[in-house]
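A.B. asks: Build me a structure from this.
(chains A and B)
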Amino acid sequence: MSDDNNAYWRANIRLVTWCLIIWALVSFGFGIVLRPLLSGIRVGGADLGFWFAQQGSILVFLALIFFYAWRMNALDRQHGVDEE
Amino acid sequence: MDQYTLNLLVVGATFALYMGIAIWARAGSTSEFYAAGRGVHPITNGMATAADWMSAASFISMAGLIAFVGYDNSTFLMGWTGGYVLLALLLAPYLRKFGKFTVPEFIGDRFYSPTARMVAVACLIIASVTYVIGQMTGVGVAFSRFLEVDKDTGLFIGAGIVFFYAVLGGMKGVTYTQVAQYCVLILAYTIPAVFISLQLTGNALPPLGLFGTHVESGMPLLAKLDQLVTELGFNSYTGHHTNTFNMVLFTLSLMIGTAGLPHVIIRFFTVPRVADARWSAGWALVFIALLYLTAPAVGAMARLNLITTVYKGGDLTQPIDYDARPEWMRNWEVTGLLKFEDRNGDGKIQWYNDKNADFAAKAEAMGWKGSELSVNRDILVLANPEIAQLPGWVIALVAAGGLAAALSTAAGLLLAISSAVSHDLIKGAINPGISEKGELLSARIAMAVSIGVATWLGLNPPGFAAQTVALAFGIAAASLFPALMMGIFSKRVNNKGAVWGMLSGLVFTLVYIFAYKGWLFIPGTAMLPDTPEGWILGISPLSIGAVGAMLNFAVAILVSNATEEPPAEIRELVESVRVPRGAGAATAHH
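C.D. replies: Sure, this is the predicted structure:
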């Protein structure tokens, strides 16, 4: 394995890890387990945890996938492994 | 023009459109049949994936699932969308780079094991066949409600349409009909929702309306709904009433299962480049989110509408007379999905939670003898346009939308099954020397046979039809997803690890489901009581896929570390899958 491929893969793993932490935080965290902690923050007749469970997590998922695609395509070019 | 003619015209027009696309998008090679020639634009593929993924369950049932339970069923919303994050970050780009045609093919090559490939074929077929039964019965039901034909006749018409475009066009035909089907289903879903949101909250966007103000009472919509349902003895809508641990596991199982379903994964083989596979997953979720952000609004508003229809004056002790019920209730009573039984003989429709012990005394005092209305959750979406008193063409569009959702998912599943049969079983194992032409023919025959089997199963649904979602997601989560992920992210997991991992995940999940639901779902053979009290650690059989997946990972890693390393060429294969460069070349030599 060339060193540059190694650096590329490490950068990818770092990016994936951060994205998955956020993925878990908004759904399992804010949407379910941490909901009682957020119950003080009211959102239109319900609380922030309810909003995350029904809408917020989906919006964050969307942002994560597009952010990942954008960052990875940039990483491909930086490390010279993009498609010609 | 009467409603029946209108339904016939709109549904007929959409079917003519699908047939036209099928003739235009005929497949001439195996590459076109399996992967649409890898020439599908990422946005187009995103739209096709959305239709492929959103089944009759998403279109018809999901809003009802949320409406009658509230917050606790947010699991479906998060689970069925969160899986796309896993798919986009962990699988889709790498499997596209690998550049072959089926999911078992990757597992067989990466784990240099025909056994692993056959285990994957078995998992794929069980998961997809169980899933397709639900779609076929959905087609039959939609036909019988809107076109007044017999359920079986409806099933034959639906199967005939799928036969035409799937056998002729393979992945290419399925892709472009799915795009058309997406447009039909999303219009059908959002138009009634916009009008209902406007009527109730004054906001034209249903997701904002959900958190907006209920115009009539001046209260926030959700606060009003909470007040009404609790006064009728039901659980509060926004409250959390189930086991938190089980809720997390169920959501996780749906997510992992989504990412591991072969008919969704193979859609990402159709885009030209690895970068496109990444974007395409995002676009797929955009198109899915349009429906998934609308569904909880539809659910909450429909529940509110139902209550204010029954208790018209706003007084929750004074329901309306049965004779004064609105027209749409009369229409749906005919189908049996809405039922009224006058238990106390007063001619009024009492609708409340008669299983709530605290409410019983109050009901007793009012002379109520049990809840008199039963509403099937599946009618909420279908009856929406009538509840909102929208014009007849909207009702016809909803009929076409329900059919589009069921047909597009059925076609995607059948494609996954037939390509596994012709490519993995016939070319991969039985007759490796088969010519390109012979393989294309066998793919078409496999498709035709799959449709025949699916139709037969739709006509004679096995007793476990209702349990199929748990089974399909459980198997995909416990067997396929971990094998695919380890194939990409580990160079150490070897053939033995993969086979033992998949088998233990699969067997564990099946045994847990069967122990509660009956062996092979045969009634009376369940060994444990299927109630929250009877579940081990509170884990429902529906949530066990995530545990099966963990077991798969653990067994695969342990067995691999105890046995020899994979050969050098496999480690090189993993290296090459990890970088996008050379994706075109990988396709060309096939």
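
A.B. asks: B:Thr115 contacts B:Met502, doesn't it?
C.D. replies: No - at 9.9 Å, B:Thr115 does not count as touching B:Met502 under the criterion of Cβ atoms under 8 Å. C-beta coordinates here come from the backbone N, C-alpha and C atoms, glycine included.

A.B. asks: Looking at the two, which is more packed in?
C.D. replies: Between B:Thr115 and B:Met502, counting by other Cβ atoms under 10 Å in any protein chain shown, B:Met502 is the more crowded of the two (26 against 15).

A.B. asks: residues touching the more buried one, list them.
C.D. replies: By Cβ atoms under 8 Å, 6 or more residues apart in numbering or on different chains, B:Met502 lies in contact with B:Ala116, B:Val119, B:Ala120, B:Cys123, B:Ser479, B:Leu480, B:Pro482, B:Ala483, B:Asn552, B:Ala556.

A.B. asks: So for residue 79, what's the nearest residue that isn't a sequence neighbour?
C.D. replies: You didn't say which chain, so I picked chain A. Spatial nearest neighbour of A:His79, chain neighbours left out: A:Tyr8 (4.0 Å); criterion: Cβ to Cβ, 6 or more residues apart in numbering or on different chains.

A.B. asks: The intended chain is chain B.
C.D. replies: Leaving aside its sequence neighbours, B:Gly79 sits nearest to B:Leu254 (Cβ to Cβ, 6+ apart; 2.6 Å).

A.B. asks: And the contacts of B:Met502, which of them are buried?
C.D. replies: Neighbour counting by 16 or more other Cβ atoms under 10 Å in any protein chain shown classes B:Ala116, B:Val119, B:Ala120, B:Cys123, B:Ser479, B:Leu480, B:Pro482, B:Ala483, B:Asn552, B:Ala556 among those as buried.

A.B. asks: who touches the residue nearest to B:Gly79 in this structure?
C.D. replies: B:Thr75, B:Phe76, B:Met78, B:Gly79, B:Trp80, B:Gly82, B:Gly83, B:Phe473.

A.B. asks: which of the residues you listed tops the neighbour count?
C.D. replies: Highest neighbour count within the contacts of B:Leu254, by other Cβ under 10 Å: B:Phe473, with 31 neighbours.

A.B. asks: Name the helix or strand for that one, please.
C.D. replies: helix B:468-475 (DSSP states H and E).

A.B. asks: On the three-state scheme, B:Pro432 is what?
C.D. replies: Per DSSP: H, G, I helix; E, B strand; the rest coil, the local secondary structure of B:Pro432 is coil.

A.B. asks: Next, count neighbours for it.
C.D. replies: The tally of other residues near B:Pro432 (other Cβ under 10 Å) stands at 8.

A.B. asks: Helix, strand or coil: sort out B:Val194 for me.
C.D. replies: Using three-state DSSP, the structure places B:Val194 in helix.

A.B. asks: okay but it is in contact with B:Pro206, surely?
C.D. replies: Yes - using Cβ under 8 Å, B:Val194 is in contact with B:Pro206, at 6.5 Å.

A.B. asks: and the two? which has more neighbours close in?
C.D. replies: More neighbours surround B:Pro206 than the other of B:Val194 and B:Pro206, with 27 against 17 (other Cβ under 10 Å).

A.B. asks: Pull the contacting residues for the more buried one.
C.D. replies: B:Thr190, B:Ala193, B:Val194, B:Ile196, B:Ser197, B:Leu293, B:Thr294, B:Ala297, B:Val298, B:Met301.

A.B. asks: From chain A, how far off is B:Met136?
C.D. replies: Per Cβ to the nearest Cβ, to the nearest Å, B:Met136 is found 29 Å from chain A.

A.B. asks: so who does that residue touch?
C.D. replies: B:Met136 touches B:Leu155, B:Gly158, B:Ala159, B:Ala406, B:Ala410, B:Ala454, B:Thr455, B:Leu457, B:Gly458, counting by Cβ under 8 Å, 6+ apart.

A.B. asks: Which strand or helix spans it?
C.D. replies: B:Met136 is located in helix B:114-146, with elements delineated by DSSP H and E.

A.B. asks: List the buried residues for that helix?
C.D. replies: Buried residues in helix B:114-146 (16+ other Cβ under 10 Å): B:116-146.

A.B. asks: Point out where the chain drops to low pLDDT.
C.D. replies: Because you didn't say which chain, this covers chain A. A:1-4 (pLDDT under 70).

A.B. asks: right idea, wrong chain: chain B
C.D. replies: B:462-470, B:584-590.

A.B. asks: most distant residue from the middle of it?
C.D. replies: For chain B, the largest distance from the centre (Cα atoms, centre = their mean) belongs to B:Ala365, which lies 44.3 Å off.

A.B. asks: and the contacts of B:Leu254, which two are the farthest apart?
C.D. replies: The distance between the two most remote of the contacts of B:Leu254 (Cβ to Cβ) is 13.9 Å, for B:Met78 and B:Phe473.

A.B. asks: Spatially, which residue comes closest to the residue of the stretch 401-550 of chain B at minimum distance from chain A, not counting chain neighbours?
C.D. replies: Chain A sits closest to B:Phe489 of the stretch 401-550 of chain B, with a gap of 8.2 Å, by Cβ to the nearest Cβ. In space, and not counting its chain neighbours, B:Phe489 is closest to B:Leu90: 7.4 Å by Cβ to Cβ, 6+ apart.

A.B. asks: contacting residues for that neighbour?
C.D. replies: A:Val16, B:Ala259, B:Met485, B:Ile488, B:Phe489.

A.B. asks: Just name the closest of those to B:Thr309, please.
C.D. replies: B:Ala259 (40.4 Å).

A.B. asks: Could you report the separation of that closest one from chain A?
C.D. replies: Distance, B:Ala259 to chain A, using Cβ to the nearest Cβ: 12 Å.

A.B. asks: Give the burial count for that residue, as a bare number.
C.D. replies: Neighbour count of B:Ala259, defined by other Cβ under 10 Å: 26.

A.B. asks: for B:Ser408, same thing?
C.D. replies: The tally of other residues near B:Ser408 (other Cβ under 10 Å) stands at 31.

A.B. asks: Quickly check: the helix or strand where B:Ala302 lies near chain A or not.
C.D. replies: Element membership of B:Ala302, judged by DSSP H and E, is helix B:274-310. Yes - Helix B:274-310 is in contact with chain A by Cβ under 8 Å from any Cβ of the partner chain, via B:Val274, B:Ala275, B:Arg278, B:Trp279, B:Ala281, B:Gly282, B:Leu285, B:Val286, B:Ala289, B:Tyr292, B:Leu293, B:Pro296.

A.B. asks: Was I right to think B:Trp332 contacts B:Lys339?
C.D. replies: No - contact between B:Trp332 and B:Lys339 fails when scored by Cβ under 8 Å: they sit 9.5 Å apart.

A.B. asks: more neighbours, the two?
C.D. replies: Set side by side, B:Trp332 and B:Lys339 show more neighbours around B:Trp332, with 20 against 13, by other Cβ under 10 Å.

A.B. asks: Not counting sequence-adjacent ones, nearest residue to that one?
C.D. replies: B:Trp332 sits nearest to B:Leu338 (Cβ to Cβ, 6+ apart), 4.1 Å away.

A.B. asks: For beta bridges, what are the partners of the one you found?
C.D. replies: For B:Leu338, the beta-bridge partners under DSSP bridges are B:Val375.

A.B. asks: ditto for the one 10 residues further on
C.D. replies: Partner residues in beta bridges with B:Lys348: B:Asp321, with DSSP bridges as the criterion.

A.B. asks: hang on, it packs against B:Asp323?
C.D. replies: No - applying Cβ under 8 Å as the test, B:Lys348 and B:Asp323 come out as separate, 9.7 Å apart.

A.B. asks: just the helices in the stretch 451-590 of chain B please.
C.D. replies: Applying DSSP state H, counting those that start in this stretch to the stretch 451-590 of chain B gives helices spanning B:468-475, B:481-489, B:495-517, B:544-562, B:568-578, B:583-588.

A.B. asks: Fine by me, we can end here.
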